[in-house]
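>>> curious how this folds, go ahead:
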Amino acid sequence: MTLTYTTKFSEKRKTLGLVVERDKSVVVLAPKGTTDSTIELFVEKKKFWLFEKINHSPKFGEPKPETPFISGKAIPYLGKNYKLDVVKTPMDGITFQGKFLLSQQNLQHGKAILEQWYKQKAKEKITPLVERYALQLGVEYNDILISDLKYRWGSCTLKGNLNFNWRLIKAPQFVINYVVIHELAHLIELNHSERFWNIVKVQMPNYLEAKEWLKGNGERVF
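Below you'll find the predicted structure:
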């Protein structure tokens with residue numbers, strides 16, 4: 001099996017590192033100026049570890065069939081399930097009032113309408129969290145993007161752009177807080193090193209609880 005990978009260079013890095021993404025793609029994290037031959041040798045030495053990681057079962061299985069948009073459908077929001085009521089009254093979009101209300105005239109577009117609502121709520125919830133924790137961590141970021149990420153909850157680019165999966169809005173608030181802190185901590189420490197986790201722990205002492213929630217419930221809300 002031939003290993004293919006992409007390389008991300010950083011002036012802040014001092015050592016080589018590897019990341020296997022959820023889509024099984026391999027990323028080499030390298031100090032700026034590292035030669036191709038040095039990177040190739042590093043990957044070669046790690047190939048057995050990489051093969052093992054790549055052949056692990058994916059974190060998220062195949063999507064389960066969705067229940068139709070009918071009255072009584074359970075819709076997750078901030079860690080809880082709420083009932084959907086399909087009403088005859090014409091109305092735009094979807095409304096949340098302790099339960100979700102959707103007009104019968106929009107029923108065939110229910111999935112798209114709900115997804116758009118989720119994205120808007122994710123932006124409203126996540127943006128002030130990023131501002132708050134960035135201030136506490138003393139870091140600066142570029143853009144906040146609410147994206148349709150297929151294999152991760154969030155990401156932080158070398159340009160300081162923060163990407164968050166809109167599906168996070170289905171998770172409890174403390175889980176959303178954790179993902180925001182996690183990505184902001186990467187502006188200080190790119191790796192998942194001991195220093196990285198210490199940074200996260202200072203901001204959120206119970207971060208392991210959030211990690212466990214995502215591990216146990218990630219497939220359900222994804």
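
>>> residues in contact with stretch 145-160?
Contact with stretch 145-160 is made by 8, 10, 21-23, 58-60, 119, 122-123, 126, 140-143, 161-168, 179-180, 182-184, 186-187, 214, 218, as judged by Cβ atoms under 8 Å, 6 or more residues apart in numbering. (C-beta placed from N, C-alpha, C; glycine too.)

>>> an error on my part: the question was meant for stretch 183-197.
Stretch 183-197 is touched from outside by 10, 12-13, 17, 29, 130, 133-134, 137, 139-141, 154-156, 160, 162-164, 199-200, 203, 207, with contacts defined as Cβ under 8 Å, 6+ apart.

>>> try it again with 6 Å
Contacts to stretch 183-197, defined as Cβ atoms under 6 Å, 6 or more residues apart in numbering, come from residues 17, 133-134, 137, 139, 154, 156, 162, 199-200.

>>> now residue 211. Nearest residue, chain neighbours left out?
Setting aside the residues directly before and after it, residue 211 is nearest to residue 178 in space (Cβ to Cβ, 6 or more residues apart in numbering), at 7.2 Å.

>>> torsion angles phi and psi at that neighbour?
phi -60, psi -50 (degrees, to the nearest 10).

>>> one more: residue 162?
The phi and psi torsions at residue 162 (degrees, to the nearest 10) take the values phi -110, psi 120.

>>> which stretches of the protein form strands?
Assigned by DSSP state E, the strands in the chain fall at 5-10, 17-20, 26-31, 74-77, 80-87, 94-96, 100-103, 144-147, 154-156, 162-165.

>>> between the third one and strand 5-10, how many degrees?
Between strand 26-31 and strand 5-10, the angle comes out at 30 degrees (axes from the mean of the first three to the mean of the last three Cα atoms, to 10 degrees).

>>> which elements pack onto strand 26-31?
Strand 26-31 makes packing contacts with strand 5-10, strand 17-20 when contacts are defined by 3 or more Cβ pairs under 6 Å, 6 or more residues apart in numbering; DSSP states H and E.

>>> can I get the contacts of stretch 183-197 in CSV with distance to residue 33?
Below are those laid out as CSV (distance: Cβ to Cβ, whole Å):
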residue, distance to residue 33
17, 16
133, 32
134, 29
137, 28
139, 24
154, 29
156, 22
162, 27
199, 26
200, 29
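
>>> out of those residues, which is nearest to residue 84?
Checking these against residue 84 with Cβ to Cβ, the nearest one is residue 154 at 27.7 Å.

>>> for the closest one, give its distance to residue 198.
19 Å (Cβ to Cβ, to the nearest Å).

>>> those two: who's more crowded?
residue 154 (21 against 11; other Cβ atoms under 10 Å).

>>> for the more buried one, list each beta-bridge partner.
residue 164 (DSSP bridges).

>>> so which residue is smack in the middle of this structure?
With distances taken as Cα atoms, centre = their mean, residue 153 lies nearest the centre of the chain, 1.0 Å away.

>>> let me see the mean pLDDT of stretch 28-43.
When pLDDT is averaged over stretch 28-43, the result is 90.

>>> and that stretch, what's buried?
Neighbour-count burial for stretch 28-43, counted by 16 or more other Cβ atoms under 10 Å, picks out 28-30, 34, 39, 42-43.

>>> nearest to residue 115 among those?
residue 29 (32.8 Å).

>>> my guess is the closest one contacts residue 14. True?
No - contact criterion Cβ atoms under 6 Å: residue 29 and residue 14 do not qualify, at 10.8 Å.
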